[in-house]
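Participant: Generate a structure from the sequence data that follows.
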Amino acid sequence: MAILLGAVWPDTAVKLKPLGDGFIKLLSMTITPIVFCTIVSGISGLGNARGVARIGVKSLVFST
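Facilitator: Okay, the predicted model is just below:
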């Protein structure tokens, strides 16, 4: 829809840019807490510190 608007009425599309930027910021504000809560609940579900340490070491090894 935005591509069509930019092709037909470019001036209007430029005026609506803040609306699109706000939507992207809203999405990023929503996704960050969801990822954080998923990670925290996964770590708390492991149950013991040994499992958490093992997963932490594996993630460090795989990320390098």
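Participant: May I ask you to name the longest helix in this structure?
Facilitator: Criterion DSSP state H: the longest helix present in the chain is helix 17-46.
Participant: next structured bit after it?
Facilitator: Once the chain leaves helix 17-46, the next helix or strand it forms, by DSSP states H and E, is helix 49-63.
Participant: okay, and for the chain, where does confidence drop off?
Facilitator: Low-confidence segments of the chain (pLDDT under 70): 64.
Participant: 80 instead, please
Facilitator: Within the chain, the stretches with pLDDT under 80 are 1-2, 42-52, 55, 63-64.
Participant: Can you check what angle separates the longest helix of the chain from helix 49-63?
Facilitator: On the basis of axes from the mean of the first three to the mean of the last three Cα atoms, to 10 degrees, helix 17-46 is oriented at 130 degrees to helix 49-63.
Participant: list the helices and strands helix 17-46 packs on?
Facilitator: Other helices and strands packing on helix 17-46, by 3 or more Cβ pairs under 8 Å, 6 or more residues apart in numbering; DSSP states H and E, are helix 49-63. The C-beta positions use only the backbone N, C-alpha and C, and glycine is treated the same way.
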